[in-house]
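Student: can you look at this prediction? I've put the sequence above it.
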Amino acid sequence: MGKDSKPKDSGKGKGKQAAGGSDDGASKGKGKAGKSDGLGTCTYVKARHILCEKQGKINEAYKKLQDGWLNNGEKVPPAEFAKLAAEYSECSSGKKGGDLGWFPRGKMAGPFQDVAFSTTIGATSAPFKSTHGYHIILCEGRKN
């Protein structure tokens, strides 16, 4: 309860200080001193991804996202991202629409974690490379 008493709200996390406790996107731009938009300050992230061994294949998937939503300034609906993940992803999570569920900071390696924890809720990352191949991430939520 009062263990982590910071100047704002000590206690149950109803104030802006603990805005990341909600995964409805309400935490964007609220509270957390130091970092804007609260990016990088949460403990858990919920994400979907597409993983491909070849850069050409991930670029093809990303082009479909761009043509369908990103070039129109819209966010990609999770159900549509899931369809592309099922079609393109070479990861076993592709069968579940690329759903990785909630994972804590420190569970995923290097660039994957960096991108997952810095992508805005509802947004899709640009393609990037990790030791496992090429990825696109859709961030679905954040919490502490």
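Tutor: That came in fine, so what should we check first? Numbering: from 1, shown residues only.
Student: quick check: longest strand in the protein by residues?
Tutor: Of all the elements of type strand in the chain, the one with the most residues (DSSP state E) is strand 133-143.
Student: got the buried residues for it?
Tutor: For strand 133-143, a neighbour-count test (16 or more other CB atoms under 10 Å) marks 133, 134, 135, 136, 137, 138, 139, 140, 141, 142, 143 as buried. From N, CA and C alone the C-beta is placed, and that goes for glycine too.
Student: could you do stretch 48-58 as well?
Tutor: Along stretch 48-58, these residues count as buried under the neighbour rule (16+ other CB under 10 Å): 48, 49, 50, 51, 52, 57, 58.
Student: with just CA atoms, put that stretch into PDB.
Tutor: Output of stretch 48-58 as PDB, limited to C-alpha atoms (Å, rounded to 0.1, in the frame of the first residue of the first chain):
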ATOM      1  CA  ARG A  48       1.000  -9.200 -31.400                       C
ATOM      2  CA  HIS A  49       3.800  -9.700 -33.900                       C
ATOM      3  CA  ILE A  50       4.600 -11.000 -37.300                       C
ATOM      4  CA  LEU A  51       8.000 -12.800 -37.600                       C
ATOM      5  CA  CYS A  52       9.600 -13.600 -41.000                       C
ATOM      6  CA  GLU A  53      13.000 -15.000 -41.800                       C
ATOM      7  CA  LYS A  54      13.300 -12.900 -45.000                       C
ATOM      8  CA  GLN A  55      13.200  -9.200 -45.100                       C
ATOM      9  CA  GLY A  56      11.300  -9.300 -48.400                       C
ATOM     10  CA  LYS A  57       8.400 -11.200 -46.800                       C
ATOM     11  CA  ILE A  58       8.100  -8.800 -43.800                       C
END
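Student: other residues contacting that stretch?
Tutor: By CB atoms under 8 Å, 6 or more residues apart in numbering, the list of residues contacting stretch 48-58 from outside reads 61, 78, 81-82, 84-85, 88-91, 93-94, 97-100, 112, 127, 129, 132-138, 140.
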